[in-house]
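Colleague: Pasting the sequence and the predicted model now:
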Amino acid sequence: MTEISKEEVKHIADLAKLPLSDEETGKLAVELSDTISHINILSKLNLKIKNLSETSQISGLRDIFREDVIDSKRILPQKEALSNCKNTHGGYFVVKRILG
């Protein structure tokens with residue numbers, strides 16, 4: 001079993017700027033050690049299967065796109081879209097700036 005020390009967890013937490021209590025550090029040390037142990041077990045397994053192609057998707061569908069057609073029944077006229085807005089300018093909504 002690969003052991004992750006509390007000091008290593010504290011170092012990783014410092015790099016990530018995560019404030020951890022001593023209790024959390026101890027718990028994470030155990031959990032990370034368990035995770036690495038499981039990964040080590042999986043890495044020992046022979047998972048190579050011959051004559052098997054890679055699979056990135058299973059549906060068999062390719063490049064499914066809808067036609068780029070304007071549905072004029074669903075378009076809201078600009079005047080109606082802006083009708084309930086308190087502040088407009090040049091046919092656009094005016095909102096308060098959110099970035100400094």
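Modeller: Received the coordinates, thanks.

Colleague: low pLDDT regions in this protein?
Modeller: Residues of the chain meeting the criterion pLDDT under 70: 1.

Colleague: Can you tell me the SS state at the residue of it positioned farthest from its centre?
Modeller: Note on the chain: the largest C-alpha distance from the chain mean falls to Lys79, namely 38.1 Å (CA atoms, centre = their mean). Here Lys79 is helix, with the state taken from DSSP: H, G, I helix; E, B strand; the rest coil.

Colleague: Excluding chain neighbours, what is closest to Leu32?
Modeller: If you skip the residues right next to it in sequence, Leu32 has Ile4 as its closest partner in space, 4.4 Å away by CB to CB, 6 or more residues apart in numbering. From N, CA and C alone the C-beta is placed, and that goes for glycine too.

Colleague: any idea how far the one you found is from Lys27?
Modeller: 11 Å (CB to CB, to the nearest Å).

Colleague: how deep is Glu8 tucked in, by neighbour count?
Modeller: Neighbourhood size, Glu8 [other CB atoms under 10 Å]: 15.

Colleague: For it, list the residues it contacts.
Modeller: Ala29 (CB atoms under 8 Å, 6 or more residues apart in numbering).

Colleague: Please tell me how far it sits from Ser53.
Modeller: Per CB to CB, Glu8 is found 40 Å from Ser53.

Colleague: Please apply the same query to Ser59.
Modeller: For Ser59, the distance to Ser53 (CB to CB) stands at 15 Å.
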